[in-house]
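Student: have a look at this fold, sequence not included:
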């Protein structure tokens, strides 16, 4: 799995962090998404797909 985030689209809602806090974080300076792990283990796929689905800006793409 590979994750791509578009920080230009991110609105800082933080839904990705709530869904997968070991994969996503928010930057302190502006609240935008910070990708902690672009290739998490396969057992995290469901949570990462959920994070992408709940992102209000559609800023997360999951390539499985």
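Tutor: Everything's here; your move. Keep in mind that what you see is a predicted model, and the values were worked out from it rather than measured.

Student: any chance you could map the strands in this structure?
Tutor: Along the chain, counting by DSSP state E, strands occupy 2-5, 24-26, 33-35, 60-63.

Student: the second one - what's its average pLDDT?
Tutor: Strand 24-26 shows a mean pLDDT of 98 in the predicted model.

Student: cool, stretch 32-46 as well?
Tutor: Rounded mean pLDDT across stretch 32-46 is 96.

Student: quick check: buried residues in it?
Tutor: Neighbour-count burial for stretch 32-46 flags 32, 33, 40, 44 (criterion: 16 or more other CB atoms under 10 Å). Where you see a C-beta, it was placed from the backbone N, CA and C, and this is true even at glycine.

Student: show me where this protein has helices.
Tutor: Taking DSSP state H as the criterion, the chain carries its helices at 15-19, 45-54.

Student: show me what the last one is packed against.
Tutor: It stands for helix 45-54. helix 15-19, strand 60-63 (3 or more CB pairs under 8 Å, 6 or more residues apart in numbering; DSSP states H and E).

Student: out of the ones you listed, the one nearest residue 49 is which?
Tutor: strand 60-63 (5.6 Å; CB to CB).

Student: and that closest one, what does it pack against?
Tutor: With 3+ CB pairs under 8 Å, 6+ apart as the test, strand 60-63 has strand 2-5, helix 45-54 packed against it.

Student: can you add distance to residue 60 and give those back as a markdown table?
Tutor: Shown next, in a markdown table, are the helices and strands packed on strand 60-63 (distance: least, CB to CB, whole Å):
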| stretch | distance to residue 60 |
| --- | --- |
| strand 2-5 | 5 |
| helix 45-54 | 4 |
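
Student: closest to residue 13 out of these?
Tutor: Nearest to residue 13 among those is helix 45-54 (8.5 Å), distances taken as CB to CB.

Student: for that closest one, buried residues please.
Tutor: For helix 45-54, by 16+ other CB under 10 Å, it's 47, 48, 49, 50, 51, 52.

Student: please name the nearest non-neighbouring residue to the last one.
Tutor: Residue nearest to residue 52 in three dimensions, not counting chain neighbours: residue 60, with 4.0 Å by CB to CB, 6 or more residues apart in numbering.
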